[in-house]
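*Asks:* just to be clear, the model below is a prediction. Sequence and coordinates:
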Amino acid sequence: MLCCLKSDADKGEGKGKGSPHVKAGKKGRAKVDNAPGAFGSPVPMSPTSDDDEFHDAEDSLETLADHVGSGDGTALEKSFSAAVRDAASEVTLLEGRASERDTKSVGPESCVIPQHDIPFADPASGKALSWSANKSGEGFRLRGKNYLRDKKKFPSLAPLFDVVQVLALRSDTKTLDIGTLLYDNQVGELIHGCPTVYVANLMLPDYPPPNPVFGKYDRKVGPDGKGQHIIVVASMSHETREILKKSDGDTKKMSPEIALMSSHFNAACDARGLDAPPHANSARHVTKMVCMVAAGAEALPWAVRVAIGQGNGKPFMVNKTGFFTKHGGVFECGVNAHNFGPVATNGLRNCHGYFKKLTLDIGVTLQGNTETELPERLLFAFRAVKPDLDAIKTHVDDIRNLTTGKTGKPWLDWDAVR
């Protein structure tokens, strides 16, 4: 769902429906991106191209003023919104998929998104509002051992964590530390300082972005309001646990990707277990997310394909919008999309109604920046099938009002989250 969050600096002009466009790369080289309409199943990152990363989808107030000339920061947002509305008029309204949910439509248990086994070669066969495991990390290419010299990427080894549950909640304000709210610090363990449960908490805004110049909001905290939480819960694989145990906590005895993970997990948090941006330790600057469209793009309006395609398959660094918490055996990465720039926020809001048509391959890794940290390896990967954000019924407050543990939340997979 991060695939439409392209920074201003990386935007390009499309050359027409149904064919990729070419833009200039470094040193004048031409390189092809995947917008619009050039979606495969899935669309992998090139094994030889530069990362072409975009960091936290930034579009600063100064950048917006330069682009629109008026200083009010609204022209770009209006033009994109108009393009999406015009394109949408060419197709029928997207149908709701709530009736296909396996879970109840009311009650706190409706936050659970059911898992279905989906053949990787046939992503369109998945049932709407479901997810599928990707235990092998199939389809993802990451930095190889010699990436700093040859810029080559290779298929990742099996992820260090296995996704065991995916949940969705709505909220009136963004909520950090969602793992503690769900599991009450009753899951996971520490192996030489490394938690065995990883929670990715994607906080999506669902309101018009404040005017970047005159908008009223806490400038220190950032915008806030109604939105959705997409929560991915993963458990450390048996292989990763064994490697950590045999190392006795000595990173020199670990493979590069395990050592980087250990440094990332063991970086300091404050007394609340929180590490908020800006992060003092460089080991907390390396979380990288990748989202690839595996199926469904051909059914979207052209303008939406362009918006989504421009960031499709490109790594997204979680740094300035990343909030990390560590409580016992649970580590959480909270991606605060409320703090994305106004253009990115408005693009996400205009596109999110179309996610229900898409099948997405999503992975998270830690970026290796030195030869001793390479090759990269996925932390986790999974496939989200036609996620309908409008179908989310359970509110964060519904969870807060429950009793703790298995008794209060029997619909959580307590046995798998360990």
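*Replies:* Yep, it's here. From a predicted model like this one, the values you see are computed outputs, not experimental measurements.

*Asks:* buried set for stretch 366-376?
*Replies:* 366-368, 373-376 (16 or more other CB atoms under 10 Å). Any C-beta I mention is one placed from the backbone N, CA and C, and that applies to glycine too.

*Asks:* what's the span of that stretch from first residue to last?
*Replies:* One end of stretch 366-376 to the other measures 7 Å (CA to CA, to the nearest Å).

*Asks:* what's in contact with that stretch?
*Replies:* 142-148, 154, 156, 256-257, 259-261, 264, 286-288, 315, 317, 365, 379 (CB atoms under 8 Å, 6 or more residues apart in numbering).

*Asks:* can you map out the helices along the stretch 151-300 of the chain?
*Replies:* 178-183, 238-247, 256-266 (DSSP state H, counting those that start in this stretch).

*Asks:* quick one: the second one to chain centroid distance?
*Replies:* A distance of 27 Å separates the C-alpha centroid of helix 238-247 from that of its chain, computed with CA atoms, centre = their mean, to the nearest Å.

*Asks:* which of the buried residues of stretch 366-376 lies closest to Gly296?
*Replies:* Glu376 (27.6 Å; CB to CB).

*Asks:* so the closest one, which state does it fall into?
*Replies:* Following DSSP: H, G, I helix; E, B strand; the rest coil, Glu376 is assigned to coil.

*Asks:* pLDDT weak spots in this structure?
*Replies:* The chain contains residues with pLDDT under 70 at 1-105, 211-220.

*Asks:* just the terminal-to-terminal distance for stretch 283-302.
*Replies:* OK, stretch 283-302 end separation, CA to CA: 40 Å.

*Asks:* and that stretch, which residues are buried?
*Replies:* So stretch 283-302, judged by 16+ other CB under 10 Å, has buried residues 283-297, 300-302.

*Asks:* state the helix or strand in which Asp397 lies.
*Replies:* helix 396-400 (DSSP states H and E).

*Asks:* skip ahead from that helix and say which helix or strand is next.
*Replies:* helix 405-408.

*Asks:* let me see the residues that make contact with that next one.
*Replies:* Contacts for helix 405-408 (CB under 8 Å, 6+ apart): 184, 186, 402, 412, 414.

*Asks:* run a quick neighbour tally on the third one.
*Replies:* Using other CB atoms under 10 Å as the criterion, Leu402 is surrounded by 14 other residues.

*Asks:* pretty sure it sits against Leu412.
*Replies:* No: using CB atoms under 8 Å, Leu402 is not in contact with Leu412, being 10.4 Å away.

*Asks:* pull out the buried members of the contacts of stretch 366-376.
*Replies:* For these, buried by 16+ other CB under 10 Å: 142-144, 147, 156, 256-257, 259-261, 264, 286-288, 315, 317, 365, 379.
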